[in-house]
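*Asks:* output the structure for:
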Amino acid sequence: MRAVLQRVREATVTVAGREVGHVGLGLLVLLGVGQGDSAADITYLAAKIAHLRIFPDAAGKMNRAVGEAGGGILLVSQFTLYADTRKGRRPAFTGAMAPDLARALVDACAAALRDLGLPVATGVFGADMQVALVNDGPVTILLDSADRLLPRN
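*Replies:* Below you'll find the model as predicted:
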């Protein structure tokens with residue numbers, strides 16, 4: 001699984017002119033599900049998202065997690081995080097999991113974040129969504145669950 005985390009002051013997702021998800025202070029999480037992703041990927045990413053210390057403390061240092069900062073999550077599915085642009089000018093998305101399987105993993109990731117005590121709003125899986133945000137910092141972090149398998153330096 002791949003995720004782009006953006007620390008936000010607020011973010012909304014709209015479908016067909018209707019707001020379907022909103023978060024004030026917190027994280028906008030764009031989540032892509034890849035071929036072969038499983039529950040282990042969800043567990044890793046949910047914990048990383050929930051506990052990553054990227055919110056400022058009283059001294060202004062990035063030292064608090066989203067929950068400690070009183071924030072929430074807006075989780076939006078994003079298969080294009082698996083774009084393969086190595087050849088030609090049109091991206092290929094063969095690395096993304098099939099939509100009927102990916103939907104369950106996106107829902108499971110939202111549930112895992114809720115189980116960690118975070119308020120979670122979502123977009124609509126497979127819909128044409130418009131996402132608006134006020135980036136805070138800006139702070140943008142890339143996560144890939146495959147990184148958990150790499151040796152630490």
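
*Asks:* make it CA atoms for all contacts and neighbour counts henceforth
*Replies:* OK.

*Asks:* quick one: contacts for Leu31?
*Replies:* By C-alpha atoms under 8 Å, 6 or more residues apart in numbering, the contact set of Leu31 is Met1, Arg2, Ala3, Val4, Leu75, Val76, Ser77, Gln78, Phe79, Leu81, Val106.

*Asks:* work out for me the element it sits within.
*Replies:* strand 26-32 (DSSP states H and E).

*Asks:* now that strand, how far from the chain's geometric center?
*Replies:* Centroid separation for strand 26-32 versus its chain: 3 Å, with C-alpha atoms, centre = their mean, to the nearest Å.

*Asks:* could I get the average pLDDT for it?
*Replies:* Mean pLDDT, strand 26-32: 98.

*Asks:* check which element follows it along the chain.
*Replies:* Immediately after strand 26-32, counting by DSSP H and E, sits helix 39-51.

*Asks:* what's the angle from that following helix to strand 26-32?
*Replies:* Relative orientation of helix 39-51 versus strand 26-32 (axes from the mean of the first three to the mean of the last three C-alpha atoms, to 10 degrees): 160 degrees.

*Asks:* which elements pack onto the next helix or strand after helix 39-51?
*Replies:* Remark: after helix 39-51, the chain's next helix or strand is strand 55-56, criterion DSSP H and E. If contacts are counted by 3 or more C-alpha pairs under 8 Å, 6 or more residues apart in numbering; DSSP states H and E, strand 55-56 sits against strand 62-64.
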